[in-house]
Each structure stands twice: as structure tokens, then as C-alpha cells.
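Peer 1: Everything below, folded, please.
(one chain, ligands or ions: 2)
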Amino acid sequence: MSVAKRVQQWATFARTWHIYDCTWQNPFESARLVKTHLMGLHKPIYHPMISRRGLSTTLLKTQPIYQVQKRKMGRLGTVDPSSYSQPELITTEHSFFNWKVDFEGTKLQGSVQHRFNVLANNLEKILLDVRDINVKNATLLAGGNEVPINYFISDAVEDMGQKLTLELPAGTAKGSLNVRIDYETSNSASALQWLNPAQTLGKEHPYMFSQCQAIHARSVLPCQDTPAVKFTYEAEVEHPKELTALMSALIEKKTEGKTHFKQEVPIPAYLVAIAIGKLVSRPLGPNSNVWAEEAIVDACAEEFSETATMLKTASDLCGPYVWKQYDLLVMPPSFPFGGMENPCLTFVTPTLLAGDKSLADVVAHEIAHSWTGNLVTNKNFEHFWLNEGFTVFVESKIVGRMQGAKELDFKMLSNLTDLQECLRTQLSTTPELSKLVVDLTNCGPDDAFSSVPYFKGSTFLRYLEDLFGGPSVFEPFLRDYLKKYAYKSIETNDFKEALYEYFKDGHKKDKLIEVDWQLWLTSEGMPPIIPKFDESLVNVTKNLAKLWSTKSVAELVDNAEIKQKISIHQLIDFLGKLIETTDIVDLNEAKIELLEKTYNLQNSKNAEVRFRLNRLIIRARLINRLDELIEFANSNFRMKFCRPIYRDLAAWPEAKPAAVKNFLSVKDQMMAVCVHTIEKDLGLK
Ligand SMILES: CC/C=C\C/C=C\C[C@@H](O)/C=C/C=C/C=C\[C@@H](O)CCCC(=O)O
Ligand SMILES: [Zn+2]
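Peer 2: Ligands and ions are numbered 1, 2, ... in the order given. Alright, predicted model coming up:
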């Protein structure tokens, strides 16, 4: 056999059984690369095919040991710095997932079939995003034929994953192209969490759920993991028959142990979601249910009983609700966020179960995403404020319509207290991330995530609303903007264009030149202009924070002002303001105890209250209460709560060793994103 032929066989073999990133122009070079790659990156395993084919001497199959590139990541794609995909050349139109849920192996096994729209003639390859995915085969499906195609997976770039290259036959034409990829996920897939029965409320059955935002869908399926691309999907999921499978889609058909889903509205990959567990539901409205484990489902139905009203209020404001169903799934406590706007099925943290509906505004937020984010979507996560700033803006309007204008303004002002805290702590060493539009060239979205897009973004919109004449003028614009960009992915400039287009005539156009876009979009820190809000509710919390920070315990005990009745939202804001006060007179055990007694904090079930109280306990350095602090940090892994607690503990030398020890003992129960960020907070990375 000629050397060239041998090399060709090597290459074919290597392509089939091994995955790596190299070019194949020169067969000799290819052979060298193959060898280097195989020896360097693969665990040797004997494979009999080799000797039968007479190729070389021994061994080698699969088991890649990827080298994670620690270097700066750069911009992976032209449209999206966090994705290898090339939406300017090819886009996904529809995907079919065929998954078997393997609880024993903690992985999904099966395939994804993508229908692409090829936008350029002679496209040579398709680039997809993957992360720790074990690809088994890639097949082109054309005219009833199945043609195997070559594929390579690159080394991993830290926090970003890998590039999957699918080689296309020469002369591939524009238009529809179907590809199936057989694969399985890794048991460390960053988007998936697998709970054993002991970790559930019912203690009898396992549970699995996903969290794909921002760029973790690539650990569940090979895909164009960029919000620039939207596709419809169908899924056939095989799972233990005693469990219920739910997805961010409508259920088409259910048989014993198999559920078929359909999402007919195009969505970005980060909105693909799945959860499987022993779940039951209760109705919340005509097209709305709440799902949870049996033990808490009734409490959930009560807590979220305003969902149907919120939905109606949101569609009055934003336009028709296109997703048909709006269900809630109350997650296990390790769910890392307050809520996730998965279409048809919002995921929410159980830390919202305060018993008095006081934290249900998170549901209003997720409902608002049905338009802002899910219909009109940021093109990449540098423009995340288009998703979150608009959503907070709409959420506060829903709250305003349901609870009154004073509550709306109070909420906006309270958000600014949280923003201040975020700038002082989380972003103190990375102030560039406090810009409204951020640069994600060398930064993973999880590391850039903060309150800024939420609260600076919504403040900007409120500023614009006031400038253009208030809600009666701005809300019709909002509806127009949502209609104009529905089903699309956009950047900040597209929003600007819509605003200019809408207000191009009449006296409003003079207002356009007043907007300092540069200042709003690129300046660091707090919003450059704070709009005028109604301050009647916030004045009370400001006053309380002042009293508690300037007066001693002895002075406070008989002070009538501290005993005035305040709402739960005022209590939360007041505690937040106290945390933000630089000097607190006599912050000691006695003051904390007086605070607890005055506002009955010890018995509070409200996680926002407990979180802020715990931060004050840390601030007071009450080491005898460390167990309580750790208990709170272990009670849920919502990052909004556990990250600041770990950060505070890390800055308290006496408590840090216990915090680190505790984190290391529980991190296996956390999602990857939570582990990754807390490791940074604790200075372990
Ligand atoms: C400028 C920031 C750039 C990119 C960040 C995008 C996504 C980051 C990622 O870590 C995922 C975020 C998911 C958020 C889901 C829900 C939030 O609205 C929850 C907010 C916090 C909470 O209430 O717990
Ligand atoms: Zn949101």
C-alpha cells in the first residue's frame, strides 16, 4: 500500500474515531498531526480495526483529553463573540431532539437533527458550538439518503466550549440542508443538573433540569448557540415512566415513558429547557398551571395566584401573547436564578415562596420576557440590556398597574439601591462591565452577568419615557417596537433606529437630539441621569436607614419612628440601604437583636429579608452566628443570595476558612455556573 493511501486511511480512521481540529490539505502533515493529536490528547485504547486494516501498530480509540486553552478567548464569531456559529452563512430553521434520559449515567443520549438554511453557495463547512459533547456520528440527510460526514472538534476555550466543524460535500448549494448528529452529553454538562432522590422533596425519585442561558445550550446539544439564530423545535424524550417531563414547548403527545414536545415559535438556543421529575400541577388560569413536587404544589398555587392577572396586564401593555401556554415550574433550591423565562414554562426558584405573594413580582418579570427577550431578542449578550432592561421596565409597569404608581416608582428606586451595591462589590474591579453595552471579546457571559443591564437599562428607558412625554406617548412606542422586531434578534442600534423612526415627525423629534447615547451606553457606574420618581415610599426607608445607622441602641430603643408600620418591600429596601451605608454606629450584637425584634426578622420566611439580615450579621462580625449564615448559604443556591454571602465571608478573615470548607463540601450539589462564580468570589480561581 502506498504511503499516500496509508495516510489517507489514517486520516479517514482518525476522522471517524477521533475528534480534533486540523486541516487535511497535506496528507503527510495530516499524518503527523493525527499522531500528535492522538498521542497527546487521547487516552490509548486498543482497537482491533486497526490491525485488521493493517494500519500502523496498535491502539487508539475515542476518549479525547481536551486541552483547555487558558489564553484570552477573543471573538469566536463575527456576529457573536461567544459563539463559533456563522449566522451570516447558515442558520438553523428547525431542530428535532431525540433524547433518552439516562439517570444512571447522568446523561442525555440520542441525536439532534437540524434543518439548516444555507445562505451561500459552495459552503464548505458548518460550525457549531459544543461543550463536553461526545459526538458519535454526523450524517447528511438528502433525498432519502444518509451520507456520513466528517467532523472535528477543536480544543476547548475556557468558559466557551469547543467548535464542531462539519465538512460539507463540494458544491453544496444554497437552501435547505438536513444534518443529524448522534451524540451523548457529558455527565458534567454545564447546563444540566442531576439530583438523586435524596436531594428532592419526595426523596423517592431522581430529578433533572437545565439552565441554558447564556451559552450552556452547547453542553446539551451541538447547535448554533447564539441568540442571533432562532429556530423552532420538536423533541421526543424517553424517560422513566413514573416521572413527568416538561420542556420550553407545548406537549404534543404523552405515552408511558415518552413525551413529545413542539415549540412552534422560533427561539434562540438559550431558551431550550427541560426538566424531569416527580411533578404535579395545579391550575392558575385558563392557559396556565403551576408545576412542582407534590409537597409544595398547593403553596405554590397560592403564592402565584396572581399569574393570570399578570398575564392579562402584560398583554394589554405589550400585545398578543403568542406562546399559547404560560406554566410555572417551581424548581429545586439549587436552581441558580430567581426565574428563567423558558417559553411556555417559566422556571422559578422556591425562594419566592414567602407565604404572602410579596416576591411574586419575579413572575411578572418572567411574563414580561414573553415579549422582551423571547420575542424581541438580543443578537448577542453584549446587548443583554435589550432583554433585561426592557423586561424590568415592563415588569415595573405590570406592578404599577396592579399595585399603583407609587409602588412602581418605589420599585425603580429600590432597584437603584441594589445596583449601587453591585457596583460597590461585584464590579469594583471590573468597572467596564458597568457599561450598558459591554465588550465580551475576552469575557464569558456568566462572568459579565450583573444587575447593570437590568437596572441601568430600565432607568434609561424610564428616562426616555419621561423625555418623550410619559407613558401615554411611550407605551404606544413600546408596542410598536415590539411589533417591529418580534421574532427577530437585534442590537442596540436597532432600538435606536426604531426610536428615531417612531419620533421622526412633529415636536418629539427635537427630543431625540437631547439623548446622549454615548453617555448612556458607554459610561461606567450609576445611570448618568436619575429620572424624577415619586419618593413618598422611599423617604420612609431612607429615614429608617438614617436612624439605624446614626443612632445608638440606647437611642433607638424608645424611638417611635422605628416602630412605624412599613410594608415588606419597604423593609427589604431599608435593610438594603443599611447595608449600603458606610458608617453604622454601634453595629453590634445588641443592635442586630433590636433590629430582629423590631421587625420580627427571626421568624421571617422571606428570603430577601433573610439575605439582607445575614449580610448585616456578617457586617457586625457576629462569629457566634456563623452556623446560621452557612445554613442560609446551603438552603438555596440562588446566586443572587449565595454569591454576596460568600463574598462577604471571604472578606472576613475569621470566617473565610469555614466558608471555603463549606463551599467545597456542597459544591457538587450546585450547578456549574454557581460553582464557577463562587470559586471566583472566594478567590479560589
Ligand atoms: C452584560 C451581561 C452579559 C451577559 C450575561 C448574560 C447571561 C449570563 C448568565 O449567567 C445567565 C443569566 C440568567 C439569568 C436568569 C434570570 C435572571 O433574571 C435572574 C436574576 C437574578 C435573580 O433574581 O436570581
Ligand atoms: Zn430577566
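
Peer 1: With just CA atoms, put the helix or strand harbouring A554 into PDB.
Peer 2: Using DSSP states H and E, A554 maps to helix 553-557. Below are the C-alpha coordinates for helix 553-557, written out as PDB (Å, rounded to 0.1, in the frame of the first residue of the first chain):
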ATOM      1  CA  VAL A 553     -29.100  51.100  70.600                       C
ATOM      2  CA  ALA A 554     -30.000  53.100  73.600                       C
ATOM      3  CA  GLU A 555     -31.300  55.900  71.500                       C
ATOM      4  CA  LEU A 556     -33.200  53.600  69.200                       C
ATOM      5  CA  VAL A 557     -35.000  51.600  71.900                       C
END
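
Peer 1: got the buried residues for it?
Peer 2: Across helix 553-557, burial judged by 16 or more other C-beta atoms under 10 Å covers 553, 556. (Glycine included, C-beta is placed from N, CA and C.)

Peer 1: Going by neighbour count, which residues of the helix or strand following that helix are buried?
Peer 2: Using DSSP H and E, the helix or strand that follows helix 553-557 in sequence is helix 568-579. In terms of neighbour count (16+ other C-beta under 10 Å), helix 568-579 has its buried residues at 568-579.

Peer 1: Quick one: mean pLDDT over helix 568-579.
Peer 2: For helix 568-579, mean pLDDT rounds to 98.

Peer 1: Report the distance from that helix to the chain centre.
Peer 2: 26 Å (C-alpha atoms, centre = their mean, to the nearest Å).

Peer 1: Check stretch 201-217 too.
Peer 2: Put simply, stretch 201-217 sits 13 Å off its chain's centre (C-alpha atoms, centre = their mean).

Peer 1: That stretch close to ligand 2?
Peer 2: No: counting by C-beta under 5 Å from the ion, ligand 2 has no neighbours in stretch 201-217; the shortest distance is 9.0 Å.

Peer 1: May I have that stretch exported as PDB, CA atoms only?
Peer 2: Taking C-alpha atoms only, stretch 201-217 is exported to PDB below (Å, rounded to 0.1, in the frame of the first residue of the first chain):
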ATOM      1  CA  LEU A 201     -38.600  16.800  48.500                       C
ATOM      2  CA  GLY A 202     -40.200  13.500  47.800                       C
ATOM      3  CA  LYS A 203     -37.000  11.500  48.400                       C
ATOM      4  CA  GLU A 204     -38.100   8.700  46.100                       C
ATOM      5  CA  HIS A 205     -37.300   9.800  42.500                       C
ATOM      6  CA  PRO A 206     -34.400  11.500  40.800                       C
ATOM      7  CA  TYR A 207     -34.800  14.900  39.100                       C
ATOM      8  CA  MET A 208     -33.000  16.600  36.300                       C
ATOM      9  CA  PHE A 209     -33.200  20.200  34.900                       C
ATOM     10  CA  SER A 210     -31.500  22.500  32.600                       C
ATOM     11  CA  GLN A 211     -30.400  26.200  32.600                       C
ATOM     12  CA  CYS A 212     -29.100  27.100  29.200                       C
ATOM     13  CA  GLN A 213     -28.700  30.900  29.300                       C
ATOM     14  CA  ALA A 214     -26.400  32.300  28.400                       C
ATOM     15  CA  ILE A 215     -24.200  29.800  26.500                       C
ATOM     16  CA  HIS A 216     -24.800  26.400  28.000                       C
ATOM     17  CA  ALA A 217     -27.200  25.000  25.400                       C
END
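
Peer 1: That stretch near ligand 1 at all?
Peer 2: Yes: counting by C-beta under 6 Å from any ligand atom, ligand 1 is contacted by stretch 201-217 at 213-214.

Peer 1: where in the chain is pLDDT low?
Peer 2: 1-72 (pLDDT under 70).

Peer 1: doesn't V438 make contact with N380?
Peer 2: No: counting by C-beta atoms under 8 Å, N380 stays clear of V438, with 10.3 Å between them.

Peer 1: End to end on stretch 166-177, go ahead and measure it.
Peer 2: Terminal residues of stretch 166-177 lie 12 Å apart, using C-alpha to C-alpha, to the nearest Å.

Peer 1: Output the contacting helices and strands for the helix holding A554.
Peer 2: Judged by 3 or more C-beta pairs under 8 Å, 6 or more residues apart in numbering; DSSP states H and E, the packing partners of helix 553-557 are helix 589-598.

Peer 1: cutoff 10 Å now
Peer 2: Judged by 3 or more C-beta pairs under 10 Å, 6 or more residues apart in numbering; DSSP states H and E, helix 553-557 is in contact with helix 536-550, helix 589-598.

Peer 1: would JSON lines of those with mean neighbour count and distance to ligand 2 be doable?
Peer 2: Listed next are the helices and strands packed on helix 553-557 as JSON lines, based on neighbours: other C-beta atoms under 10 Å; distance: least, C-beta to the ion, whole Å:
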{"stretch": "helix 536-550", "mean neighbour count": "18", "distance to ligand 2": "23"}
{"stretch": "helix 589-598", "mean neighbour count": "16", "distance to ligand 2": "31"}
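
Peer 1: Can you name the helix or strand that whichever residue of the stretch 451-600 of the chain sits closest to ligand 2 falls in?
Peer 2: Residue nearest to ligand 2 within the stretch 451-600 of the chain: Y454 (7.0 Å; C-beta to the ion). For Y454, the host element (DSSP H and E) is helix 452-468.

Peer 1: what kind of secondary structure is the closest residue to V322 other than its chain neighbours in?
Peer 2: In this structure, V322 finds its nearest non-sequential neighbour in V265, 5.8 Å apart by C-beta to C-beta, 6 or more residues apart in numbering. Classification of V265 by DSSP: H, G, I helix; E, B strand; the rest coil places it in strand.

Peer 1: Just the strands from the stretch 101-250 of the chain, written as ranges.
Peer 2: In the stretch 101-250 of the chain, strands defined by DSSP state E, counting those that start in this stretch lie at 107-118, 125-130, 133-142, 145-148, 151-153, 156-157, 162-167, 175-185, 192-195, 207-210, 231-238, 244-247, 250-255, listed in chain order.

Peer 1: Columns mean neighbour count on top of the ones you listed, output as a markdown table?
Peer 2: As requested, the strands of the stretch 101-250 of the chain are exported to a markdown table (neighbours: other C-beta atoms under 10 Å):
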| stretch | mean neighbour count |
| --- | --- |
| strand 107-118 | 20 |
| strand 125-130 | 25 |
| strand 133-142 | 18 |
| strand 145-148 | 10 |
| strand 151-153 | 22 |
| strand 156-157 | 18 |
| strand 162-167 | 22 |
| strand 175-185 | 19 |
| strand 192-195 | 21 |
| strand 207-210 | 24 |
| strand 231-238 | 20 |
| strand 244-247 | 23 |
| strand 250-255 | 13 |
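
Peer 1: which strands and helices sit next to the helix holding Y454?
Peer 2: Secondary-structure packing of helix 452-468 (3+ C-beta pairs under 10 Å, 6+ apart): helix 384-403, helix 405-424, helix 471-485, helix 492-502, helix 508-512, helix 517-522.

Peer 1: hmm, who's touching the last one?
Peer 2: Helix 517-522 is touched from outside by 383, 385, 432, 435-439, 456-457, 459-460, 463-464, 492-493, 496, 527-529, with contacts defined as C-beta atoms under 10 Å, 6 or more residues apart in numbering.

Peer 1: Might you report the residue contacts of the residue nearest to V322?
Peer 2: V265 neighbours (C-beta under 10 Å, 6+ apart): 230, 232-233, 249-250, 271, 322-324, 343-344, 370, 374-375, 486-487.

Peer 1: out of these, which one sits closest to ligand 1?
Peer 2: Relative to ligand 1, the closest of the contacts of V265 is L271; by C-beta to the nearest ligand atom it sits at 11.2 Å.

Peer 1: I am finished for the moment; much appreciated.
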